[in-house]
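> kindly generate the corresponding structure for this input.
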Amino acid sequence: MSDTKPTLLWLRRDLRLSDHPAWTAALEGGGPVMPVFIHDASVEALGAAPKWRLGLGLERFAETLEAKGSRLILRRGAALDVLRELIKETGAGMVRWSRLYDPAAIERDTAIKAALKEDGIETSSHAGHLMFEPWSVETKDGGYYKVYSPMWRSVKGRGVAAPLKAPGDLRPPAEWPVSDALADWNMGKAMNCGAEVCLPYQTVGEQAAQDRLAWFIDGPIDDYKAARDLPGIDGTSGLSENLTLGEISPAQCWHAGQRALHEGAGGAEHWIKELVWREFAYHLIYHTPRIATRNWREGWDAFPWNEDGDTAEVTAWKQGRTGVPFVDAAMRQMYVTGRMHNRARMIVASYLTKHLMTHWRVGQAWFDEHLTDWDIASNAMGWQWAAGSGPDASPYFRIFNPQTQLEKFDPKGSYTSAWIAEGSAAPSETALSYFDAIPCRWGLAPGDAYPSKPIVGLREGRQRALDAYQDRAF
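Have a look, this model is predicted:
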């Protein structure tokens, strides 16, 4: 193979230049490198918010490449067909990409690798989306971890390769193939007016992610152990949206966290543990892909959950109108910012699956649609953890009380006042933004009365769940 043949760099969830093993491998091929992003079925299937956020990331990354003399080629269609078309147009002899670990991506990528090999095209996939490849982390018996704590103990002392520097020369070709226009993809169409509301809360692109990491390591990480549970303050890294799109690598975060740990930052180890919790989610989706769509614990298959996402109770939950302030504030935060505080995620998931006795898949699908930091593995594991049907789950009989949780973690009411406007003489700007972000068909306005009582009382819902759990073998 001539070393002058171009290499196609197929980008997916790796929209960065630094610490990019697949990019490094593409440059090592010797010829020009052509970065390409393909709008295939996996992109088309994304919910409104994650698709819109992906579009923002692509736009920013394309600008970055243009500034460095390269380009981002955009094509739409089945990935294999598009790659074959580009190979024919450019004479490319190699295709490189970063690995993904969910079942649909594995099936697609395996088929593409086999087909291109038949065509005589060299392919290779590379690490970068995770710190530890799922098959490299094993129990003493050679199996996979089903509980987080022993997995953490097994990897916390492992070395993680130092992040690669961004390449200085992106080696663009003399001639570029035709690219789609990103605007023609209209990736924010389903967001409607919500896009304008949500945009100021996004931290888009590699440089913004690095700046956010530097800010976090420089101060907030010291108090992270306690601050991470307080939804009313900015006490977390806020890097989830960047990690899911690969605008920053987990290895870059790991090494920054380790430096902070060695320098005495009090919350550094707890933050590093959260990075490994993300790894645990991918460990599980790789070894037990059923976690994405089915109860991980099969004993839950016969549980009498409501699976109707349009009941009055579920609709109130979706609208942030349950009459339970912690739940409602959290849902409204999601519509305005595209994200939700982690403590709040546990509360809203517990309330839906336990107090409202509704299947976790209903909540999972709703989050799939509305989170700009949507991550297939973390979302699936988080919902099953809350519901009790997953590995290392919250015990099924543990039912969070949103009121006592609010008193504990938001004692001054800063979180609820930030997101609930009804009943306030001077509602906050963020609380009012909720009414601009939500669908007009909901017919809600700031002057509406806030629900006088929960749609399902906390004591009533808890007892209903406990009655349903009784005498069931989980």
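
> give the rounded mean pLDDT of the lengthiest strand in the chain.
Ranked by residue count under DSSP state E, the longest strand found in the chain is strand 33-39. For strand 33-39, mean pLDDT is 98.

> quick check: the gap between the closest residue in space to W374 that isn't next to it in sequence and Q333.
Leaving aside its sequence neighbours, W374 sits nearest to P50 (C-beta to C-beta, 6 or more residues apart in numbering; 4.0 Å). Any C-beta I mention is one placed from the backbone N, CA and C, and that applies to glycine too. P50 is 17 Å from Q333, where distance means C-beta to C-beta, to the nearest Å.

> comparing those two, which residue is more hemmed in?
Per other C-beta atoms under 10 Å, whichever of P50 and Q333 has more neighbours is P50, with 27 against 24.

> helix/strand/coil for that one?
Following DSSP: H, G, I helix; E, B strand; the rest coil, the label given to P50 is helix.

> which pLDDT value belongs to it?
Reported pLDDT for P50: 98.

> ok, back up a step: what is the longest strand of the chain packed up against?
strand 7-11, helix 21-28, strand 73-76, helix 79-90 (3 or more C-beta pairs under 8 Å, 6 or more residues apart in numbering; DSSP states H and E).

> could those go into JSON lines alongside mean pLDDT?
Listed next are the helices and strands packed on strand 33-39 as JSON lines, based on pLDDT from 0 to 100:
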{"stretch": "strand 7-11", "mean pLDDT": "98"}
{"stretch": "helix 21-28", "mean pLDDT": "97"}
{"stretch": "strand 73-76", "mean pLDDT": "98"}
{"stretch": "helix 79-90", "mean pLDDT": "98"}
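
> turn these into JSON lines, including mean neighbour count and distance to P427.
Conversion of these to JSON lines gives the following (neighbours: other C-beta atoms under 10 Å; distance: least, C-beta to C-beta, whole Å):
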{"stretch": "strand 7-11", "mean neighbour count": "26", "distance to P427": "42"}
{"stretch": "helix 21-28", "mean neighbour count": "20", "distance to P427": "47"}
{"stretch": "strand 73-76", "mean neighbour count": "19", "distance to P427": "41"}
{"stretch": "helix 79-90", "mean neighbour count": "18", "distance to P427": "47"}
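
> looking at these, which is closest to T337?
Of all the helices and strands packed on strand 33-39, it is strand 7-11 that lies closest to T337, at 26.0 Å by C-beta to C-beta.

> who's in contact with the closest residue to I233 other than its chain neighbours?
Distance criterion C-beta to C-beta, 6+ apart; nearest residue to I233, sequence neighbours excluded, is A227 at 6.1 Å. Applying C-beta atoms under 8 Å, 6 or more residues apart in numbering, one finds that A227 lies in contact with 220, 233, 235-236, 267.

> what number of residues lie near R361?
Using other C-beta under 10 Å: R361 sits among 20 other residues.

> what's the answer for Y469, then?
So Y469, with other C-beta under 10 Å, has 16 neighbours.

> any idea how far it is from T139?
With C-beta to C-beta as the criterion, Y469 and T139 are 29 Å apart.

> before we move on, what about R99?
In terms of C-beta to C-beta, R99 sits 22 Å off from T139.

> out of these two, which sits in the more crowded spot?
R99 (21 against 13).

> quick one: contacts for that one?
So R99 contacts 109, 125-129, 133 (C-beta under 8 Å, 6+ apart).

> apart from its neighbours in sequence, what residue is nearest R398?
In space, R398 is closest to G388, 7.8 Å off (C-beta to C-beta, 6+ apart).

> wait, isn't the one you found in contact with P395?
Yes: with contact defined as C-beta atoms under 8 Å, G388 reaches P395; the gap is 6.5 Å.

> ok, and the closest non-adjacent residue to the residue nearest the centre of the chain?
Central residue of the chain (C-alpha atoms, centre = their mean): D375, 2.7 Å from the mean position. Counting by C-beta to C-beta, 6+ apart, D375 lies nearest to T244, which is 4.4 Å off, once chain neighbours are set aside.

> was I right about the one you found contacting L371?
No: counting by C-beta under 8 Å, T244 sits too far from L371 to count as a contact (9.0 Å).

> shared neighbours of those two, anything?
P50.

> returning to that earlier point: any chance of the contacts of R99 in a markdown table, plus pLDDT?
Output for those, formatted as a markdown table (pLDDT from 0 to 100):
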| residue | pLDDT |
| --- | --- |
| D109 | 98 |
| S125 | 98 |
| H126 | 98 |
| A127 | 97 |
| G128 | 97 |
| H129 | 98 |
| E133 | 97 |
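
> I appreciate the help and will end here.
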